[in-house]
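Engineer: could you work out the structure for the sequence below:
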Amino acid sequence: MPGDDKAKETSLQIYARVRSLMPWEPKKISLKVVGKTVQNKSGKVVNEYDFRYVFKPNSTNEQCFQVIAMPMIHNVLKGFNAVLIAYGQTGAGKTFSMLGKPKLNIVGILPQTLAYMCKQ
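Structural biologist: Numbering: from 1, shown residues only. The predicted model follows:
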């Protein structure tokens with residue numbers, strides 16, 4: 001319902017995570033983060049995409065977990081449904097964000113969610 005803050009809290013929320021460039025990728029990039037907006041310049045056209053929050057390249061999986069998953073977990077524990085979907089181009093970092101990198105002791109959002117839920 002318009003003006004209902006509770007409805008906004010529980011509605012669809014879209015986040016973006018921008019990763020660092022890989023060594024083999026061109027150093028010239030057309031992506032710019034401005035607050036909660038990601039700008040992508042293609043020729044003379046600048047496309048802007050607004051998000052609930054934009055995680056910069058130095059953001060950790062723990063930070064992503066706290067901002068994205070914790071509110072969802074609290075709603076699930078209250079009896080609401082929740083779904084977390086990672087979407088993006090191949091090599092964008094979806095698996096890294098969701099599952100982590102166990103060999104480097106980096107825990108993803110899903111294992112952190114499971115660990116937290118099991119402690120409740």
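Engineer: quick one: the strands in the chain?
Structural biologist: 15-17, 31-34, 37-42, 45-50, 53-55, 100-101, 106-107 (DSSP state E).
Engineer: mind listing the helices for the chain?
Structural biologist: Assigned by DSSP state H, the chain shows helices spanning 5-10, 61-64, 70-77, 94-99, 109-119.
Engineer: looking at the ones you listed, which has the lowest confidence?
Structural biologist: Lowest mean pLDDT of the helices of the chain: helix 5-10, a mean of 53.
Engineer: low-confidence ranges, the chain, go.
Structural biologist: Scanning the chain for pLDDT under 70 picks out 1-10.
Engineer: again, only using 90
Structural biologist: 1-12, 19-32, 40-44, 91, 120 (pLDDT under 90).
Engineer: and the residue with the largest distance to the centre of it, how far from residue 16?
Structural biologist: Distance from the centre of the chain peaks at residue 44, with 28.2 Å (CA atoms, centre = their mean). Computed with CB to CB, to the nearest Å, the distance linking residue 44 and residue 16 is 23 Å. In this view, the C-beta of every residue, glycine as well, is placed from N, C-alpha and C.
Engineer: how far does stretch 98-108 stretch from start to finish?
Structural biologist: Length of stretch 98-108, first residue to last, CA to CA, to the nearest Å: 5 Å.
Engineer: same check on stretch 104-113?
Structural biologist: For stretch 104-113, by CA to CA, the gap between its terminal residues amounts to 19 Å.
Engineer: and if you look at stretch 100-114?
Structural biologist: 13 Å.
Engineer: also stretch 91-105?
Structural biologist: Using CA to CA, one end of stretch 91-105 lies 20 Å from the other.
Engineer: circling back to that earlier point, right, so of the helices of the chain, which gets closest to residue 34?
Structural biologist: Closest of the helices of the chain to residue 34 is helix 61-64, at 19.2 Å (criterion: CB to CB).
Engineer: residues in contact with the closest one?
Structural biologist: Residues outside helix 61-64 that contact it (CB atoms under 8 Å, 6 or more residues apart in numbering): 15, 17, 55, 96-97, 100, 106-109, 112.
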